[in-house]
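> What would the 3D arrangement of this be:
(one chain, ligands or ions: 1)
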Amino acid sequence: MSLDVAAIRRDFPIFAAQPPPFHYLDSAATAQICRPAAEALLRFETEARANVKRGVYRLADAATRAFEEARARVARLLGGVDPREVVFTSGTTLGLNLAAHTLAPRLGPGRRVLVSVLEHHSNLVPWQLVCARTGAELVPIPATGDGRLDQAALEARLDRRTAVVAVTHASNVTGAVTDVARVAAATRAVGAVLVVDGAQRIPHGPVDVRALGCDLYAFSGHKMFGATGAGVLWGRGELLAELPPFLGGGEMIARVTFAASRFADPPHRFEAGTPPIGPVLALGAAAAWMTALDWEAVQAHERALTRRLLDGLAALPEVRVLGPADPEARIGVVAFTLEPHHPHDVCQLLDVRGVCTRGGHHCAQPLMAHFGVEASVRASLALYNDETDVDALLEGLAFVRSQLG
Ligand code: PLP
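Prediction:
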């Protein structure tokens with residue numbers, strides 16, 4: 001069955017709200033919010049607001065139950081994991097900082113953290129900080145020429161000194177998808193922990209984290225059709241049980257005396273303070289909305305659009321695409337340069353045509369250095385895009401060339 005994109009678009013209020021032409025090709029930065037998520041957020045804030053995990057009156061109890069239902073919905077999206085393995089955060093960045101901070105006791109001189117050069121800064125800088133603090137060595141995993149993880153180079157670097165391997169599931173620049181199961185097998189063989197940044201992969205379909213074999217998996221609600229402000233760090237239950245707290249405060253304790261505290265079990269151990277309740281409920285609604293989709297049809301649709309985009313760009317002689325040419329090896333996140341123009345000029349002129357793209361280093365400067373460029377334009381697709389969006393971008397690039405020469 002082919003995807004009914006018009007029906008999908010009706011689930012996104014933005015498309016009725018924005019005057020045409022409106023071609024949203026920046027979903028890798030933030031995806032649009034789906035109606036069930038927006039409604040969950042508004043309903044909580046205006047009709048059902050109370051703090052969670054504390055009150056005994058009915059309104060507070062209902063808020064707590066809705067919060068835990070959101071956890072169960074996310075658990076279903078992740079392949080039916082135990083909801084206690086789902087830690088709510090403010091987003092991918094916090095999840096990865098939580099991972100780095102709580103794994104720090106396993107690091108020290110003689111220990112190594114392997115991080116790929118594909119990473120968004122949020123899966124690199126926390127490891128730099130923790131290595132500097134503990135004396136562990138930060139070791140880069142190189143990329144292939146077309147911007148994929150170099151699996152052979154990773155395997156050559158893995159040994160018993162390795163405490164942590166941190167990789168992205170899909171690059172926010174090249175769209176390249178990492179073979180996480182293969183990385184996980186190699187990581188497990190040396191007894192290291194595998195941390196995966198799932199921010200870009202999760203909007204493109206449910207992820208069975210147990211089948212992947214990773215230990216920690218982080219993502220953001222706002223990139224998977226939820227609200228800004230909430231995200232998830234999934235962790236293998238056995239590992240979470242061993243990790244120390246990250247932030248201290250209310251809700252993460254079992255018992256406090258002035259002398260010492262005993263901490264709550266996961267996931268609450270890692271959720272200090274009042275969580276972003278409305279955004280978490282929106283995340284849960286988005287997860288349920290996603291779970292109900294026909295992903296075979298969605299992925300076929302996205303692949304066809306990615307192919308159309310890559311073919312269209314390949315026909316433009318001044319364009320250089322960063323990343324794999326094969327749409328099977330990537331998601332629809334496509335970064336490119338249009339020589340000799342600065343990406344910001346290109347994006348501004350595309351905006352004149354109603355085409356929303358992003359220009360810059362995409363918070364992945366080591367990967368940009370790998371390609372020998374400072375910045376690029378990035379167009380990123382989601383399930384609500386169609387051929388008119390891709391064609392508007394390609395025609396927009398012809399317009400840019402006519403304006404800038
Ligand atoms: N990781 C990747 C691959 C990303 O693309 C992004 C955001 O663009 C992040 C992490 C950070 O996500 P957030 O800003 O939602 O924490």
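> Quick check: the gap between Glu296 and Thr89.
Glu296 sits 30 Å away from Thr89, going by CB to CB, to the nearest Å. In short, each C-beta sits where N, CA and C put it, glycine included.
> For the two, indicate the residue with more neighbours.
Using other CB atoms under 10 Å, the more surrounded residue of Glu296 and Thr89 is Thr89, with 26 against 11.
> beta partners for that one?
Listed beta-bridge partners, Thr89: Gly231 (assigned using DSSP bridges).
> got a list of what it touches?
Residues near Thr89 by CB atoms under 8 Å, 6 or more residues apart in numbering: 95, 98, 218, 230-233, 270.
> Apply 6 Å and report the result again.
Residues in contact with Thr89, defined by CB atoms under 6 Å, 6 or more residues apart in numbering, are 95, 231, 233.
> What separation do you get for it and the ligand?
9 Å (CB to the nearest ligand atom, to the nearest Å).
> Could I get the pLDDT score of that residue?
Turning to Thr89, the model gives it a pLDDT of 98.
> and Ala379, that's in a strand?
Yes - using DSSP: H, G, I helix; E, B strand; the rest coil, the secondary structure at Ala379 is a strand.
> tell me which element the residue nearest to Glu39 when sequence neighbours are not counted falls in.
Leaving out its chain neighbours, the residue that sits closest to Glu39 by CB to CB, 6 or more residues apart in numbering is Ala285, at 7.3 Å. Under the criterion of DSSP states H and E, Ala285 resides in helix 277-291.
> Contacts made by that helix with the rest, please.
34, 36-37, 40-41, 44-45, 52, 66, 70, 73-74, 76-77, 88, 221, 224-227, 229-230.
> What of stretch 309-327?
146-147, 174-176, 303, 306-307, 330, 334-339, 371, 376, 390, 394.
> Would you indicate which residues of that stretch are buried?
For stretch 309-327, the neighbour count (16 or more other CB atoms under 10 Å) marks 309-310, 312-313, 319, 321-324, 327 as buried.
> Quote the end-to-end distance of that stretch.
In stretch 309-327, first residue to last residue: 10 Å (CA to CA, to the nearest Å).
> how far does it sit from the chain's center?
For stretch 309-327, the gap between its own C-alpha mean and the chain's C-alpha mean amounts to 24 Å (CA atoms, centre = their mean, to the nearest Å).
> That stretch near the ligand at all?
No - on the criterion CB under 6 Å from any ligand atom, stretch 309-327 is out of touch with the ligand, staying 13.5 Å away.
> pLDDT of that stretch, averaged?
Mean predicted confidence for stretch 309-327 is 95.
> likewise stretch 71-84?
98.
> which stretches of the stretch 201-350 of the chain form helices?
Taking DSSP state H, counting those that start in this stretch, the helices of the stretch 201-350 of the chain run over residues 209-212, 237-242, 277-291, 295-314, 343-352.
> Enumerate the positions of the shortest one that are buried.
Burial within helix 209-212, assessed by neighbour count using 16+ other CB under 10 Å, is assigned to 209, 212.
> What average pLDDT does that helix get?
Helix 209-212 comes out at a mean pLDDT of 98.
> Next: the second one.
Helix 237-242 shows a mean pLDDT of 98 in the predicted model.
> With respect to burial, which of the helices of the stretch 201-350 of the chain scores highest?
helix 277-291 (a mean of 26; mean count of other CB atoms under 10 Å).
> so how far is that helix from its chain's centroid?
Using CA atoms, centre = their mean, the offset of helix 277-291 from its chain centre is 15 Å.
> Tell me what angle it forms with helix 295-314.
Helix 277-291 runs at 90 degrees relative to helix 295-314, counting by axes from the mean of the first three to the mean of the last three CA atoms, to 10 degrees.
> for helix 277-291, what is the average pLDDT?
For helix 277-291, the per-residue pLDDT averages 98.
> Emit the PyMOL select command for whichever of the contacts of stretch 309-327 are buried.
A single PyMOL command selects the buried members of those (16+ other CB under 10 Å):
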select buried, resi 146+147+174+175+176+303+306+307+330+334+335+336+337+338+371+376+390+394
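> Run a quick neighbour tally on Asp4.
There are 12 residues near Asp4, going by other CB under 10 Å.
> follow-up on the earlier one: and the helix holding Ala285, is it in reach of the ligand?
No - judged by CB under 6 Å from any ligand atom, helix 277-291 and the ligand are separated, with a smallest distance of 11.3 Å.
> show me what contacts the nearest residue to Leu212 once chain neighbours are set aside?
Spatial nearest neighbour of Leu212, chain neighbours left out: Val180 (4.6 Å); criterion: CB to CB, 6+ apart. Shown in contact with Val180 (CB under 6 Å, 6+ apart): 169, 196, 212, 214.
> let's see it at 8 Å
So Val180 contacts 167, 169, 194, 196, 212-214 (CB under 8 Å, 6+ apart).
> Am I right that His342 is in contact with Ala375?
Yes - in terms of CB atoms under 8 Å, His342 counts as a neighbour of Ala375; the distance is 7.2 Å.
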